[in-house]
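> With the input below, show me the fold.
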Amino acid sequence: MININPDQHHEILEKCPVLGEYSQFVEAVRAHQRTGEENALQNAVDECIRRGILSEYLRKKGSEAVNMLIAEYDYDMDIKVQREEAKEEGIRLGTVNNILEFLEDLGEIPETLKSKIMQEEKPDILKKWLKLAAKAETVEEFEKKIEK
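Modelled structure (predicted):
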């Protein structure tokens, strides 16, 4: 077993930045809880977002993180949530790959466009882009249509 508390300075925390940030997040939660403040968990989430600790994840799923911290841990529910998140991510990645495949058939995809597609999180936008990519005659045409 590895102790990932920040004060232990385990090398894995440096090799795995996400784990390191998670460790800092847990420490922030503990620190806020020790103060006895009313909104300790939400304040810890807000602090971590400000400090850039798991900020992208906490911006998207901060309320879920707080709810999980408040709720009694339920292994079966945790597994169900993880599976649902994995399923959603799989669908998102599949759609992203399909968009890129359609565009690759049309020509070279600029890195900025590729990056924009890969970073998009909203399923409805990706679905719209997939339809546009399937109908586009050029990469440039696709790029102009998604800028609207």
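> In contact with the residue nearest to Glu120 when sequence neighbours are not counted, which residues?
Take Glu120 and drop its neighbours on the chain: the residue closest to it by C-beta to C-beta, 6 or more residues apart in numbering is Leu126, 5.6 Å away. C-beta here means a position set from N, CA and C on the backbone, and glycine is covered the same way. Leu126 makes contact with 92, 95-96, 99, 120 under the criterion C-beta atoms under 8 Å, 6 or more residues apart in numbering.
> Neighbours of Ala136, how many?
Taking other C-beta atoms under 10 Å as the criterion, the count of residues near Ala136 is 20.
> Now do the phi/psi pair for it.
Phi and psi for Ala136, reported as degrees, to the nearest 10, are phi -70, psi 150.
> Looking at the contacts of Leu126, state which has the most neighbours.
Highest neighbour count within the contacts of Leu126, by other C-beta under 10 Å: Ile99, with 25 neighbours.
> so where does that one fall, helix or strand?
Secondary structure assigned from DSSP states H and E places Ile99 in helix 75-106.
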